[in-house]
Structures are given as structure tokens and as C-alpha cells.
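J.: give me the fold of what follows.
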Amino acid sequence: MAENPNREGMLFAGTGHAFYYTMDNGRHWTRFRKGLPPSPVTWINIQPHMHDVDVSTYGRGDYILPNIATFEQTGSPDQPNSGRTQLFKPGEVYRQARGAYPTAAQPARPQFQFYLAKAPKDPVQLQILDAQGKPVRTEKLKVHQGLNGACWDLFYDTPTDVRLLTTPPENPHIWDEPRYQGKTYRTIIHWGVNPHTGTPIAAPGNYQVRLTVDGRSYTQPFEVVKDPKIKASDAVLNDSTALQVQIAGAISETSDMVNAMEKWRKQIEEQLKTHASGAAADALQRLDAQILEVENQLVSPEARLSDDKQYSTPFRMYWNLRWLAGRVGQGIQNTAGGSDYEPTVVQRENFAKLQAQLAAIRTAFGNLKTTTVPAFNQAMSGNGVKLDIGG
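T.: Below you'll find the model as predicted:
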């Protein structure tokens, strides 16, 4: 017999032929039949943090009930049917030591479970909120009527990526490459950089999960707890996450500026097709050079070729931030990340220098948007060329 420390009155018992549970301190027992055939039960172990029940049997092997948090709340091991939509209270979510995160080959089991009384009209939205109520991760889920599950890998929303629209003079046929067939933009490729690079990972602490179904929201609190293998304190991990969030914000700002300038330069590229010579063409080319001067401070011409080989010139702002984020966070290329440790003095100093450089570039970009491009549009009024700079 074993008592569940997470639910008062919930006991499990094994006999020579079966496995039983009770929700009322043994007054009423129910035989557990879900996936466990009749067999002698020789031992029962309950893992309180993961809400697992491990059942040792004779002749049937080891049987595990994973994450019985919903079972604890409903009193039923089967799919709950309360007749109403409900988000169940999650158990603790563990931040594991570096390198032990879900992958496509080994996906995580659901940490969040919810019951839908009926199939929703639209995909449901799942958000993770930090202690201040700020969303740190938002996802759309395809669900069905009944019990559903969702998992969170503890990563925040990924920073905005660069989207290249223009054709580099060094490779005028780049859009003919198979990897870009049917695509309207190109990303910057570099060996050793994956979609998580630069994405902050959550620190231990209090969070909320918010489920929105057809306009109605359901919220439950939960706690992120660190793996005992992580020797750093919660305060150190929170400090590391805070720096990762700042770097991710700088990456997004860099990408937003590059993406805006790519849209402007794409318009110039298209208009030069119909204004190949003359005053309009000269003005368009001069403006393109002015925009490119600022864009080159963020992304180098070599990087815009989308070549995944090593670049022959120093990195500019975008890659400097990505690499710094990888070193502070989850790693990049052959460099192990430092998310389980306190950020170093050098990393902080490096980011301070990048922030100062980014501030100067931000000013130059603002001048393009508020002065240079509007002045171009005014000067070229009536010549059939104009740039839409957006909001």
C-alpha cells in the first residue's frame, strides 16, 4: 500500500492479483484496469514532484502511471467528463539541467491538461505568463472535444528573425536555388545556429498557464522548479534569464530594422525595373545606398548571401547578438551555453558595448524613416517613384 502525498485520502494498494485505488482513505476501493492486466503487485512507489505512480508487478514488468495530476483532481483515472470546459491545475514543471530538453525524437509529456465540453470553432490559444502576468510564450493548439494535453519546453517566444527580400548583386540568381523555390523571403543561415538560439529559458519561480477557448480564458498557477543537478541558485538563474531576455529583445529590434529596410529596398529594386535610367533611377540608387549603409551595420553583405559556411568578414550586430545569446543561453555551434550558471563579467561588458552600438544605429535608422525617405518621396513627387515606409 502507498499513500499519495499530493492528494489527501488517495491511496494505492496491490494484491496478489490486482491493483486498487481509493479516494477516501480506504472506505471505498476501485480496481484499476486501465492498461494493467491482472497480475501480482509487488511494490508501489509514488514520485511526488512528477506525479508519477510506479507499479512493480510479477510477470507483467514495470507499470507507470505518468502525471496523475488530473486523476488526483477528478478522482477518475479515465478521461474526465464534467460536462464543462476546464483547465486542470498543473503540477510542478521541472527545469532540467542543460541538454535535457524535449526534442522531436523525444517529445515532452503534457504538463497541462484541459477538458473541452465541445470542439471549439477556432484553434485554442495557450499562453505562459510570468510572475508579473506578462506573456512569455504563446502558442495555437489544434484540439478536440474531451481531454487534451499540451507541453512547454520552458523556452520563451523566439526572437524575431531577419527576413531578406532583396537580391544580392553578388548572386543575382539566388532566388532560383531549390531551397528558395516558392518562398517570398530568405533567412540568414549559419552552421550551428538553430531556432532556439537566442531564445531565453524560464527561470525557477511562479507562473500561470492561460487557455483561451472561443474568447473565454481559463487560468491556473504553477511553479517552475530547477533540477537538483543545477548548482546555481534560483537568484542566479533569474539573473541569467533576465540578461537572456534583454539580448533577445535586442535581436528582435535588430531584425525589425533590417526587415523594414529590406521592404524599402525591395520597393527600390522593383521600381528600378521600370526606371532603369534617368533622374529617377539615379535618385533610387542613391537612396538604396543610404539605406544599405545603415543595414550593413546590422547585417553584413556576406550574411545576406545566406551562405551557411563561415563568413570571411567580422560579424555585424545581428550575428554578434546571436552568438552572445548562445553563450549566455543554450549554446551555439561548438560553444556550450551558460544558462545554468551566472553570466560572466565579459558577457555583460560585451552586451553593454553592443547596446551602445545599437543605440547609434537606431538613431541612423530613425533618420532614414523620419527624414531621408520622406524627403525622397517629396522630391520625387510626380516622377512615378515613391517608397511606402509603413507605420
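
J.: what helix or strand is residue 250 on?
T.: helix 234-274 (DSSP states H and E).

J.: now do that helix, average pLDDT.
T.: Averaging pLDDT along helix 234-274 gives 96.

J.: next secondary structure element downstream of it?
T.: helix 279-298.

J.: quick one: pLDDT of the closest residue to residue 141 other than its chain neighbours?
T.: Nearest residue to residue 141 in three dimensions, chain neighbours excluded: residue 124, at 5.1 Å (Cβ to Cβ, 6 or more residues apart in numbering). C-beta: built from backbone N, CA, C; applies to glycine. As predicted, residue 124 sits at a pLDDT of 95.

J.: before we move on, the earlier item: show me what the helix holding residue 250 is packed against.
T.: helix 279-298, helix 317-328, helix 345-367 (3 or more Cβ pairs under 8 Å, 6 or more residues apart in numbering; DSSP states H and E).

J.: for the residue nearest to residue 141, what are its contacts?
T.: 116, 140-141, 143, 211-213 (Cβ atoms under 8 Å, 6 or more residues apart in numbering).

J.: try it again with 10 Å
T.: Residue 124 makes contacts with 85, 114, 116, 139-143, 148, 150, 211-214, 218, as judged by Cβ atoms under 10 Å, 6 or more residues apart in numbering.

J.: can I have the buried ones of those as a PyMOL selection?
T.: Here is the PyMOL command that selects only those of these that count as buried (16 or more other Cβ atoms under 10 Å):
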select buried, resi 85+114+116+141+143+148+150+211+212+213
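
J.: average pLDDT across the longest strand seen in the chain?
T.: Identified as the longest strand of the chain according to DSSP state E is strand 216-226. What strand 216-226 shows for mean pLDDT is 95.

J.: in its sheet, which strands sit next to it, and in what direction?
T.: strand 93-95 (parallel), strand 205-213 (antiparallel) (DSSP bridges).

J.: so which of those is nearest residue 25?
T.: For residue 25, the closest of the strands paired with strand 216-226 is strand 93-95, at 29.3 Å, according to Cβ to Cβ.

J.: immediately after the closest one, which helix or strand?
T.: strand 112-116.

J.: now the angle from that following strand to strand 205-213?
T.: 20 degrees (axes from the mean of the first three to the mean of the last three Cα atoms, to 10 degrees).

J.: packing partners for strand 112-116?
T.: Counting contacts by 3 or more Cβ pairs under 10 Å, 6 or more residues apart in numbering; DSSP states H and E, strand 112-116 packs against helix 69-74, strand 86-87, strand 124-129, strand 146-150, strand 205-213, strand 216-226.

J.: wait, which of those is closest to residue 293?
T.: Distance to residue 293, taken as Cβ to Cβ, is lowest for strand 124-129 among these, at 40.1 Å.

J.: give me the sheet partners of the helix or strand following that closest one and which way each runs.
T.: Next helix or strand after strand 124-129 toward the C-terminus (DSSP H and E): strand 135-141. Next to strand 135-141 in the sheet, as set by DSSP bridges, lie strand 124-129 (antiparallel).

J.: can I get the strand it pairs with as CSV, trimmed to CA atoms?
T.: Taking Å, rounded to 0.1, in the frame of the first residue of the first chain, the C-alpha atoms of strand 124-129 are listed here in CSV:
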residue,chain,number,x,y,z
VAL,A,124,-7.3,27.5,-28.8
GLN,A,125,-4.5,29.7,-27.5
LEU,A,126,-2.2,28.6,-24.8
GLN,A,127,-0.1,31.2,-23.0
ILE,A,128,2.5,31.0,-20.3
LEU,A,129,2.7,34.1,-18.1
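
J.: measure how it sits relative to strand 146-150, angle-wise.
T.: With the same axes, to 10 degrees as the basis, strand 124-129 and strand 146-150 are set at 40 degrees to each other.

J.: next one: strand 124-129 to chain centre, how far?
T.: 12 Å (Cα atoms, centre = their mean, to the nearest Å).

J.: for it, buried residues please.
T.: Going by neighbour count (16+ other Cβ under 10 Å), the buried part of strand 124-129 is 124, 126-129.

J.: for the residues you listed, which one is nearest residue 46?
T.: Set against residue 46, the nearest of the buried residues of strand 124-129 by Cβ to Cβ is residue 128 (27.1 Å).

J.: would you mind measuring from that closest one to residue 215?
T.: Residue 128 sits 20 Å away from residue 215 when distances are taken as Cβ to Cβ, to the nearest Å.

J.: low-confidence regions, the protein specifically.
T.: Filtered on pLDDT under 70, the chain yields the residue ranges 79-82, 99-109, 195, 307-311, 391.

J.: look through it and report the residue furthest from the middle.
T.: Most distant residue from the mean C-alpha position of the chain: residue 278, 48.5 Å away (Cα atoms, centre = their mean).

J.: wait, that residue touches residue 383, no?
T.: Yes - contact criterion Cβ atoms under 10 Å: residue 278 and residue 383 qualify, at 9.0 Å.

J.: residue contacts, residue 83?
T.: Residue 83 is in contact with 115, 117, counting by Cβ under 10 Å, 6+ apart.

J.: go again using 8 Å as the cut-off
T.: Here residue 83 is in contact with residue 117 (Cβ under 8 Å, 6+ apart).

J.: same deal with residue 343?
T.: 239-240, 243, 328.

J.: just residue 47 next, same as before
T.: Listed by Cβ under 8 Å, 6+ apart, the contact set of residue 47 reads 53-54.

J.: would you say residue 371 is within a strand?
T.: No - Residue 371: not assigned to a strand; according to DSSP: H, G, I helix; E, B strand; the rest coil it is helix.

J.: and residue 94, how many neighbours does it have?
T.: Using other Cβ atoms under 10 Å, residue 94 has 18 neighbouring residues.

J.: not counting sequence-adjacent ones, nearest residue to it?
T.: residue 225 (5.6 Å).
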